[in-house]
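>>> got a sequence here, can you build the structure:
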Amino acid sequence: MKLLKNSVYALLLALSVMACSSKNETNFSAFTKQYFDDKNALFPLEATQYGQNQYNDQLVFEMTDSYRAKQAAFYTSYQEIGLELLKQPTHLLPIQQFNGTHLTMGQFAGGTSAQPFATEKDYRNFLVRMEKYAVWIDSAMVYMKKGMAQKVVLPKALTVKIIPEFQDLITANPTDNLYYSAIKLMPKTIPAAKQKEIAAAYAQVISQKLVPQFQKMVTFLQNDYLPACRNTSGIGALPFGKKLYAAYAKQWTTTSLDPETIHQLGLKEVARLQAEMELVKTQVGYKGSLKEFMNEVRTSPTLKPFTTPEQVLANFDRIYQKIKPNVDRLFAVQPKTKFEIRRTEAFRENSASAEYVQGTADGTRPGIFYVPIPDAKNYNVLEDEDLFLHEAIPGHHFQVSLQQESTTLPDFRKFNWFGAYGEGWALYTESLGKELGLYQDPYQYLGMLNDEMHRAIRLVVDTGIHCKGWTREQAIAYSMQNEAGGEASITAEIERYMAIPGQALSYKIGQLKILELRHKAESQMGKQFDIKKFHEKVLESGVMPLALLESKMNVWMAAE
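I've put the predicted structure just below:
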């Protein structure tokens, strides 16, 4: 799932008290509308992702002191965890290689993502954003320099990955630039004279403002920032790091679990999944050790059958067609939002993971499952079936689309995200593969186990890197020992955890809670248990902290 800011943890816990009378209901509606408007104004790129298009020309300078003062006022009104995170100088680290303003702007610039390009106003909105983004780059460098002075800097391994992200945007001809892409897709409904005017304006901003700034950032990163970067891997190495990581763990899991408890839970899940993978190894008749088996799977030519990106995408479409007849058996309520499978854009493909980007509630933009295919000949199909279930159907596409399409949820609930619930749901759906007609090939079932192992390993290595002093290399070695991913993909994953502390914890914590609730419902309800009703109840209210989900499902079980 495309990462968006975690919002309203404390808010949801408090608001239920307000809706107990007609007067309070009025106050509640006004309060939540004000919250939603304030949040969109504070996070305009996120608002665009959610189809709130009145903010499409806005860009905030999130690293600045003035912006952080606005954040503090917002969090004082609505959200305690936000204030806790603001106490630490994370604004001195305004960029990293996995996500953030510079990558979101690049994705919007491609012309086929969340930023609309249908009218003259749409094009002028993004032109304003581009001009602001050129200034944003200067602000980022200013605060990175402040970080250098305070020794609050990125690990060297991450900075090395950021440099080509800017370098690839330096073009001699503005019409060859990523930021010119939408011009090439301009609809004929815009008059020819206006088209020419807009195209000239885009070319001017690209050549005179953006490209010089991209070059400036590359020079700064190479000559100044990289030599000042640290050799440690986790934020725990920074003076405030362990306290910050504990706050991130609370934010991303929506629980009070401490890092050490999470680490031990991860070790326990790794051991359980190893035993399951041993059974598959025996089933296919492999005689060597599990590590040898996984190494063979990692490099097996039979699991790398493709030569072109089109073949990779076609395989995902085949999976889609295969599960369609069975989805109705598990889901009574399904989204109306359309769905597409696309290759990840070239400018970010080398460092991207497969992901889902939500569509819009009004149906003008479909939900998109992005697949990075930098080298089709080395693309391993081991995890394709469970990956589709997770990122697409019935994972993120079902959960996010149903939430946005809801006619009963207020806007602040429709357009919101909690990683533990959202990623937990998506990981839970991977376990539905056999019920949906997949995992008939033992290697695809192994792929599902391997992906679940991947999420269990995350509990171990994320806490290891940020709280227990593990090095990048130590984390890579642990992952290589226990899962079948290639070294390049595992390295990219470990560097992702280094860049976004705590986010990787959300998947397994959420999945385990949903599985626990399903097993409890099956046990208590016996023959009355209806899987379609269970899924409907889990999904109908959208994302929420796990404690609220458990409370809601317990009420349903008792009523049934």
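>>> pLDDT weak spots in the stretch 451-560 of the chain?
Applying pLDDT under 70 to the stretch 451-560 of the chain flags no residue at all.
>>> how about the strands in it?
For the stretch 451-560 of the chain, no strands are identified by DSSP state E, counting those that start in this stretch.
>>> which residue, other than its chain neighbours, is closest to K243?
Using CB to CB, 6 or more residues apart in numbering and skipping residues adjacent in sequence, the residue nearest K243 is Q88, 7.2 Å away. C-betas here are computed from N, CA, C, even on glycine.
>>> ok, the one you found - contacts?
F240, K243, L244, A247 (CB atoms under 8 Å, 6 or more residues apart in numbering).
>>> would you mind checking those residues for buried ones?
L244, A247 (16 or more other CB atoms under 10 Å).
>>> okay if I get the contacts of Q88 as a markdown table plus distance to H263?
Listed next are the contacts of Q88 as a markdown table, based on distance: CB to CB, whole Å:
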| residue | distance to H263 |
| --- | --- |
| F240 | 20 |
| K243 | 17 |
| L244 | 17 |
| A247 | 17 |
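>>> now, which of the contacts of Q88 lie within helices?
K243, L244, A247 (DSSP state H).
>>> hmm, back to that, show me which of the contacts of Q88 is closest to T48.
A247 (27.2 Å; CB to CB).
>>> so how far is A420 from the closest residue to the closest one other than its chain neighbours?
Using CB to CB, 6+ apart and skipping the chain neighbours, the partner closest in space to A247 is E84 (4.9 Å). Separation of E84 from A420 (CB to CB, to the nearest Å) stands at 17 Å.
>>> more neighbours, the two?
A420 (28 against 17; other CB atoms under 10 Å).
>>> look at A361 and report its pLDDT.
Looking at A361, its pLDDT is 87.
>>> surely it meets Q403?
No - using CB atoms under 8 Å, A361 is not in contact with Q403, being 9.1 Å away.
>>> mind listing the shared neighbours of the two?
K414.
>>> pick out whichever of the two has more residues nearby.
Using other CB under 10 Å, the more surrounded residue of A361 and Q403 is Q403, with 23 against 20.
>>> element containing that one, please.
helix 396-405 (DSSP states H and E).
>>> give the contact list for the residue lying closest to L459 once chain neighbours are set aside.
Once flanking residues are discounted, L459 sits nearest to G266: 2.8 Å by CB to CB, 6+ apart. Taking CB under 8 Å, 6+ apart, we find G266 in contact with A456, I457, R458, L459, V460, T463, K508.
>>> please identify which of the residues you listed is nearest to G485.
For the contacts of G266, the nearest to G485 is I457 (9.6 Å; CB to CB).
>>> for the helix or strand encompassing the residue nearest to L459, buried residues please.
According to DSSP H and E, G266 maps onto helix 259-283. By neighbour count with 16+ other CB under 10 Å, helix 259-283 contains the buried residues P259, I262, H263, L265, G266, E269, V270, L273, M277, V280, K281.
>>> same check on stretch 336-352?
Here stretch 336-352 shows T337, F339, I341, R343, T344, E345, F347, R348, E349, N350, S351, A352 as buried, counting by 16+ other CB under 10 Å.
>>> now for these: which two are most distant?
T337 and N350 (29.4 Å).
>>> the chain: strands as residue ranges?
339-343, 355-357, 367-371 (DSSP state E).
>>> can you list the low-confidence ranges for this protein?
Short version for the chain, where the test is pLDDT under 70: 1-26.
>>> in helices only, show me the contacts of G266.
Using DSSP H, the contacts of G266 in helices are A456, I457, R458, L459, V460, T463, K508.
>>> ranges for the helices of the stretch 151-300 of the chain?
156-167, 192-205, 211-220, 226-228, 241-253, 259-283, 290-299 (DSSP state H, counting those that start in this stretch).
>>> between those, which one is nearest to E516?
helix 259-283 (12.7 Å).
>>> tilt between the closest one and helix 290-299?
Counting by axes from the mean of the first three to the mean of the last three CA atoms, to 10 degrees, helix 259-283 lies at 80 degrees to helix 290-299.
>>> tilt between helix 259-283 and helix 241-253?
Using the same axes, to 10 degrees: helix 259-283 against helix 241-253 is 60 degrees.
>>> for helix 259-283, the distance to its chain's centre please.
How far helix 259-283 lies from its chain's middle: 24 Å, per CA atoms, centre = their mean, to the nearest Å.
>>> same question for stretch 366-386.
Per CA atoms, centre = their mean, the centroid offset for stretch 366-386 relative to its chain is 16 Å.
>>> may I see the buried residues of it?
366-373, 376, 379-386.
>>> and stretch 77-92, by the same measure?
78-79, 81-86, 88-92.
>>> can I get it in CSV? Just the C-alpha atoms.
Only the C-alpha atoms of stretch 77-92 are listed here, as CSV (Å, rounded to 0.1, in the frame of the first residue of the first chain):
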residue,chain,number,x,y,z
SER,A,77,-6.5,19.7,19.0
TYR,A,78,-6.7,16.2,17.8
GLN,A,79,-3.9,13.7,18.3
GLU,A,80,-1.6,13.0,21.2
ILE,A,81,0.7,10.6,19.3
GLY,A,82,1.5,13.4,16.8
LEU,A,83,2.8,15.7,19.6
GLU,A,84,4.9,12.9,20.9
LEU,A,85,6.6,12.5,17.5
LEU,A,86,7.1,16.2,17.1
LYS,A,87,9.3,16.3,20.2
GLN,A,88,12.1,14.8,18.2
PRO,A,89,14.1,16.5,15.4
THR,A,90,12.9,14.3,12.5
HIS,A,91,12.5,17.4,10.3
LEU,A,92,16.3,17.3,9.9
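>>> please consider this matter closed, and thank you.
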